[in-house]
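[1] Curious how this folds, go ahead:
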Amino acid sequence: MSELNTSIKSPPSIRISSGEYHQRWRLIKDALARYGVVAGGLGVIVAIVLIFFYLLYVVYPLFISATAKSVSEYAVPEQALGNTLLLEMEEQNEVGARFTDSGQVVFFEAATGKTILTQAVAIPEGTHIASFAQGSPINEGAVIYGLSDGRAVIAKHQYKVTYPNNVRVITPSLKYPLGEQPLVLDDSGAALEKIAVKVGENATTIVAKTADTPQGPGKIRLINFQKEQSLFADEAALTRTDSVLEQSATGIAGILIDKDESNLYLISNDGQLGFFDISDKSSPAIRQQQNVVDAGQKITSVAFFKWRPFADDRRLQRPGFTVEHG
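    Residues are numbered from 1 along each chain as shown. Sure, this is the predicted structure:
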């Protein structure tokens, strides 16, 4: 009988032990959840505070005055090769390029001035450089040389980046978008005294002012080269369009072509600005002409500057002028 009673009383004792186990496990989970929520909340607060300090670190320089200091100073690289027409630097700011009036291009280390490569532009013998112009930076370094015999050469400086042994090496070189052979812009052989160029992927526009000759006064010539890709040829064919602007070439101080190759600005020494629509390259039309400087002032240089209207996201180009009092 006692054995039977013992067997009957054992199950309640087991059930109590099982209940205590689950209760303890629930308390442990509650504690873990409580501390986890606290840690997560504190982590969010810390993250927000760190973001605030990071933004403060980024914005703070805007409230202090700008400063500049000289990093290095050295003599003009390969100075014996001529006077500088243009100084450029590639996007990594490691290699510079110096274009000279003798048709040489000197590539050098921007930090030290050490010459990396010297390369001659394909200027024909018996001619000299009469004018020089830089295309817009969006044209990947395009420049044009106007020659004394009515021809021109377009060149681009380009850079190849390699990583031998995980070290960045920038190798500069020259490229000729329309070929090394000079382009004949004026059949009479008149010197190209002023010149401008815009080089695009499929089109190139050149505007040049020729010198006076015994045959007549100088002219403003517009030449457009359009690339046309053929299905049966590997290389694209060039279609050329020539036109002469109905504008006096006397006293022209600067020529500007906008980035879309649809507007042309001719600026004279006395401040006369001629605005031309050259969307139709075969028939450029003048849209406006006015004086842009006060009496007694003289234009010494012209260049585009960019601005963005408040209500428009497009970046527009407008001509800017440097003037001096006469």
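
[2] what's the spacing between Ser173 and Leu238?
    23 Å (C-beta to C-beta, to the nearest Å). Where C-beta positions appear, they are placed from N, C-alpha and C, glycine not excepted.

[3] just Met89 next, same as before
    Taking C-beta to C-beta, one finds Met89 at 31 Å from Leu238.

[4] Same question for Ile45.
    Separation of Ile45 from Leu238 (C-beta to C-beta): 66 Å.

[5] Look at the two and report which has more neighbours.
    Shown here are Ile45 and Leu238; by other C-beta atoms under 10 Å, Leu238 has more neighbours (14 against 10).

[6] Pairing partners for the helix or strand containing that one, with directions?
    Taking DSSP states H and E as the definition, Leu238 sits inside strand 237-244. The pairing partners recorded for strand 237-244 under DSSP bridges are strand 220-228 (antiparallel).

[7] hmm, who's touching the strand it pairs with?
    By C-beta atoms under 8 Å, 6 or more residues apart in numbering, the list of residues contacting strand 220-228 from outside reads 178, 183, 185-186, 201-210, 236-245, 247, 249, 252, 261, 264, 266, 278, 281, 284.

[8] mind giving me the domain ranges of the chain?
    Following automatic domain parsing, the chain resolves into domains at 2-59, 121-325.

[9] Point out the most buried one among the ones you listed.
    Comparing the domains of the chain by mean neighbour count (mean count of other C-beta atoms under 10 Å), domain 121-325 ranks first with a mean of 16.

[10] coming back round to it: keeping just the C-alphas, turn the strand holding Leu238 into CSV.
    Backbone C-alpha positions of strand 237-244 (Å, rounded to 0.1, in the frame of the first residue of the first chain) are rendered in CSV as follows:
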residue,chain,number,x,y,z
ALA,A,237,33.6,59.1,-93.3
LEU,A,238,34.0,62.8,-92.8
THR,A,239,31.5,65.2,-94.4
ARG,A,240,32.8,68.8,-94.7
THR,A,241,30.7,72.0,-94.7
ASP,A,242,32.3,75.4,-95.4
SER,A,243,30.8,78.9,-95.1
VAL,A,244,32.0,82.5,-94.8
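
[11] What lies in contact with it?
    The contact list for strand 237-244, computed with C-beta under 8 Å, 6+ apart, reads 178, 219-230, 281-284.

[12] From one end of stretch 118-128 to the other, what's the distance?
    Start to finish, the residues bounding stretch 118-128 are 19 Å apart (C-alpha to C-alpha, to the nearest Å).

[13] Stretch 202-216 too?
    Start to finish, the residues bounding stretch 202-216 are 34 Å apart (C-alpha to C-alpha).

[14] Which residue comes closest to Ala130 once chain neighbours are left out?
    Spatial nearest neighbour of Ala130, excluding adjacent residues (C-beta to C-beta, 6 or more residues apart in numbering): Ala191 at 4.4 Å.
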